[in-house]
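1. got a predicted structure here, sequence first:
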Amino acid sequence: MTSRTRSPERRPEPLPVQQPERPKASEATRAYPGVPRTQAAKADVPQQPWIPAASLQAYTTAPLASRMSMPPLASQAPRSLQPRPLKELSIEVQEAVILEDLLIILMGYEGQYIRFAKHYNPAVETQRLAGPGFRILPGLDPALQDLTIAMLKIATSYGAIQAFVEVQSREEFGSVNHALCAAIRRMLHDYLVLIVQLKTQFLTNSAFTLHTLNLHTISAGHMMYQIYSLAHDILRRNSLLEEDGDSDPYFDDIENFLENIPRKKICKGGTVLGLITKRLETMSGDPTAKSLLTSLLRDASRPYMTMLNEWLHHGSMKDPHAEFLIREQTSIRRDRLEEDYTDEYWDRRYTLRHSNIPPQLDGVKSKVLLAGKYLNVVRECGGVDVRAVKDVPRYFDDIRFLDNINNAYAVANESLLKLLLTNYALPARLRSLKHYFFLDRSDFFSCFLELGTSELRKPVDSVNTSKLQSVAARDPFKEDVKVEMNKISLIESLTRVVNISGMELDEAFPNPTSQSTETEKVAIGFTSLQLDYSVPFPVSLVISRKTIWRYQALFRYLLSLRYLEQQLVASWQIQNRAATWSHQSSSREVEIWKRSVFTLRARMLNFVLQLFYFCTSEVIEPNWQAFMEKLNGKEDENGGSKRIVSTVDELMGDHVDFLDTCLKECMLTNSKLLKIHSKLVHTCFLFANSTTWLSRGLEINDPDFSGTERPANMNKQQWARFQSEKYRRGDATSSNSASKRGETPLEKMQDVARKCGFNFDRNLQILLDALNHYAATETVVLLGLCARLSIANQGTESSSVSRSNEEATL
């Protein structure tokens with residue numbers, strides 16, 4: 001136990017040894033007058049000596065935490081060391097011993113008359129963090145007791161703050177907590193200096209009383225209360241006041257998994273700064289508290305501001321404790337961009353920790369994220385020299401704080417835009433994409449189809465893509481274009497994307513192989529051809545796999561229209577060259593059937609041409625021009641070029657929006673329109689592919705070709721052409737025999753043409769009705785297509801029925 005060095009009379013000069021009538025406080029508290037002789041005799045019996053021992057505690061990652069064991073509790077001391085009861089002491093002696101105890105307790109230790117509460121165990125971390133409770137031995141004067149209880153709150157706060165500093169200084173709590181604890185430790189040092197000074201006053205000044213001690217500790221008590229309240233806010237966020245925090249926390253941020261474990265809450269980084277800021281706003285009316293919390297916020301934010309400036313001006317991040325507002329996914333690497341169809345690298349490599357953003361950065365968090373992302377890309381490409389920036393703000397309350405972020409964002413954005421548009425020729429690459437995927441160079445593509453027809457007519461598994469690859473345009477980026485085959489049809493692929501929705505837990509994922517079996521059986525080169533395009537980093541951020549898929553969808557759609565147009569034109573050429581078609585038959589029934597076939601083929605061709613023209617000239621080209629104006633800028637009133645796209649993310653968004661608009665206006669994002677379009681195209685393909693069979697049936701069923709002599713209504717040139725065609729086919733005899741006529745009756749041919757015409761008219765009318773509906777509710781541009789396609793449907797039975805229904809509705 002601590003020995004007394006001061007008499008209860010508190011005289012400034014030491015009492016002479018020759019005055020036994022003034023016993024010291026230590027003597028007054030060691031003897032019990034009035035104790036029976038029998039008890040005194042028992043006290044004379046030798047007892048086991050009390051030898052308290054200190055030991056080293058287990059290692060902790062807090063560098064300045066004390067590893068010495070807690071001193072033994074006063075209640076555990078032998079009876080011989082217990083003090084004299086307070087009720088036996090005078091008021092002056094009570095004040096002296098209580099003053100001495102308070103000066104010890106205010107430094108975190110027990111006194112003789114003021115001890116820890118019975119329920120308090122200093123070995124339990126959660127109890128130390130909550131702060132020790134105290135109990136005063138009975139017998140103290142009520143006036144002294146009231147003052148003592150008021151000052152004991154300071155001791156409780158000091159004990160809790162001391163434990164808080166030791167716990168929050170551990171490595172896993174991050175550099176912001178470490179800086180905060182260092183600042184609090186400096187304040188505790190000043191507090192202890194004050195207590196030592198008061199101790200000196202107590203020993204040397206006879207006028208030093210309990211009231212004097214109370215007056216000198218009011219400001220210190222207010223400071224300790226503010227720190228104590230802040231510490232408890234942080235500890236509650238850490239869940240250290242409800243459960244034992246002795247278990248070793250998780251130290252490393254393994255792909256940001258451990259930091260999100262629900263049972264382990266760690267309040268660090270921006271969350272700590274947010275708590276200090278919130279408390280600062282609450283106590284803004286208290287000048288003392290405001291000054292204290294402002295000082296703590298400045299000190300705690302220093303490491304955070306260092307990370308922020310490193311991110312803003314260098315694009316790198318040093319965040320070993322995962323406390324910065326930016327999260328880095330190191331598993332997402334640049335080499336995976338060729339397989340990334342979701343822009344994962346750009347969207348998820350660096351993301352915001354929304355729960356860890358200080359209030360000072362909440363309004364500019366997007367700029368902070370983008371500034372570092374831009375500089376990170378520039379630094380990886382070596383396109384711009386990222387130099388160190390001096391004289392950056394170190395605190396949140398610096399007047400240059402927001403200007404620093406805005407300027408860093410502007411510099412980073414300009415650097416990456418310059419790198420993309422100049423060094424990596426992004427506009428030229430986009431034009432190259434347009435040439436290849438949007439059939440911009442019609443002459444090249446027509447030549448490509450003519451030269452590759454022999455390969456493209458083969459089944460998809462037999463197509464030699466190497467031969468097709470050799471056919472390339474004069475383009476600076478032609479080496480980046482790759483010809484490939486996709487066994488899944490365009491309509492099926494688009495339908496899968498359009499119909500993607502959430503699945504139940506017990507729902508099986510659809511097997512794409514089984515769904516596309518029927519398509520693969522009939523897939524040929526023309527229906528499976530698609531182009532791929534590879535670009536280097538960082539252009540791959542703008543021309544990503546996500547955008548390449550959109551380009552491929554538009555390309556395959558335009559190619560299918562061109563291929564259907566080619567088939568219908570080939571049918572028209574056959575019908576113009578063949579004598580069986582160009583000859584005016586003497587049979588009225590055959591001639592009427594031929595005219596119906598001509599009309600249906602012309603209407604189908606007109607439908608395809610109008611649809612192709614609409615997609616290229618009224619959808620893709622206007623949207624492309626608008627996109628390029630944003631990218632390259634347009635001339636202002638002074639004749640200069642003004643760029644509308646100001647950020648890389650805006651450029652990426654405009655690029656995706658351009659492609660999405662094209663897909664939507666080309667009717668490739670609506671499942672109903674896709675289904676109708678698929679039926680129309682299928683009908684046109686069936687009709688075009690049946691031309692040869694119809695020509696053979698016409699030759700059999702036309703009575704003018706039943707004999708071997710030239711009909712009277714056929715000129716010599718037509719007859720000669722007919723004979724040469726028949727000879728080329730190897731028909732040595734007449735083909736209009738009764739048996740062959742039975743194989744392909746005219747009624748069957750008429751039925752095929754009638755069914756094709758009926759299906760085409762019906763589906764075209766359904767398409768027109770759907771287009772009118774979506775033009776009124778979603779996309780106005782579809783009205784132009786409605787007007788064009790209405791011409792192809794005029795005079796048909798379906799259009800008459802639709803007009804009658806509209807009149808009935810009106």
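-> Perfect, thanks for sending it. Just so you know, these numbers come straight off a predicted model, no measurement behind them.
2. low-confidence ranges in the stretch 1-150 of the chain?
-> Scanning the stretch 1-150 of the chain for pLDDT under 70 picks out the ranges 1-48, 67-68.
3. hang on, Ser308 packs against Leu369?
-> One thing to correct before we go on: residue 308 is Leu, not Ser. No - shown here, Leu308 and Leu369 do not form a contact pair, counting by C-beta atoms under 8 Å, at 11.5 Å. Just so you know, the C-beta spots here come from the backbone N, C-alpha and C atoms, and that holds for glycine as well.
4. more crowded one of those two?
-> More crowded of Leu308 and Leu369, by other C-beta atoms under 10 Å: Leu308, with 27 against 19.
5. tell me which element that one falls in.
-> Under the criterion of DSSP states H and E, Leu308 resides in helix 302-314.
6. so how far is whichever helix or strand comes after that helix off the chain centroid?
-> Proceeding N to C from helix 302-314, the next assigned helix or strand is strand 326-328, under DSSP H and E. Strand 326-328 sits 10 Å away from the centroid of its parent chain (C-alpha atoms, centre = their mean, to the nearest Å).
7. over to stretch 158-171?
-> On the basis of C-alpha atoms, centre = their mean, stretch 158-171 sits 36 Å off its chain's mean C-alpha point.
8. and what of stretch 350-369?
-> Worked out by C-alpha atoms, centre = their mean, stretch 350-369 lies 13 Å from the chain centre.
9. residue ranges of the helices in the stretch 351-500 of the chain, please?
-> All helices of the stretch 351-500 of the chain, identified by DSSP state H, counting those that start in this stretch, fall at 365-381, 401-418, 426-437, 442-456, 465-469, 490-498.
10. helices and strands around the last one, which ones?
-> Helix 490-498 makes packing contacts with helix 545-577, helix 671-689 when contacts are defined by 3 or more C-beta pairs under 8 Å, 6 or more residues apart in numbering; DSSP states H and E.
11. format those as TSV; extra columns: mean pLDDT, distance to Asn772 and mean neighbour count.
-> Below are those laid out as TSV (pLDDT from 0 to 100; distance: least, C-beta to C-beta, whole Å; neighbours: other C-beta atoms under 10 Å):
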stretch	mean pLDDT	distance to Asn772	mean neighbour count
helix 545-577	90	22	19
helix 671-689	91	12	19
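12. residues near the spatially closest residue to Asn121 that is not a sequence neighbour, how many?
-> Using C-beta to C-beta, 6 or more residues apart in numbering and skipping residues adjacent in sequence, the residue nearest Asn121 is Gln127, 5.6 Å away. By other C-beta under 10 Å, 20 other residues sit near Gln127.
13. how near is Gln127 to Phe116?
-> According to C-beta to C-beta, to the nearest Å, Gln127 stands 10 Å off from Phe116.
14. Asp391 too?
-> As judged by C-beta to C-beta, Asp391 and Phe116 stand 52 Å apart.
15. repeat that for Val780.
-> Between Val780 and Phe116 the computed distance is 80 Å (C-beta to C-beta).
16. between the two, which has more neighbouring residues?
-> The neighbour comparison of Val780 against Phe116 (other C-beta under 10 Å) goes to Phe116, with 21 against 11.
17. show me what that one bridges to in the sheet.
-> Beta-bridge pairing of Phe116, defined through DSSP bridges, involves Phe134.
18. what sits against it?
-> Phe116 sits next to 73-74, 110, 122, 132-135 when contact means C-beta atoms under 8 Å, 6 or more residues apart in numbering.
19. buried ones among these?
-> Those of these that meet the buried threshold are 74, 110, 122, 132, 134, by 16 or more other C-beta atoms under 10 Å.
20. those in strands, which ones?
-> Phe134 (DSSP state E).
21. do you know how far Leu746 is from Trp50?
-> According to C-beta to C-beta, Leu746 stands 125 Å off from Trp50.
22. same question, Pro427
-> 88 Å.
23. next: Ile218.
-> From Ile218 across to Trp50, the span is 39 Å (C-beta to C-beta).
24. give the burial count for Met749, as a bare number.
-> Met749: 21 neighbours (other C-beta under 10 Å).
25. same check, this time on Arg595
-> 10.
26. and it, what element?
-> Per DSSP H and E: helix 588-613 holds Arg595.
27. and the following helix or strand past that helix, average pLDDT?
-> Using DSSP H and E, the helix or strand that follows helix 588-613 in sequence is helix 621-632. Per-region confidence: helix 621-632 scores 91 on mean pLDDT.
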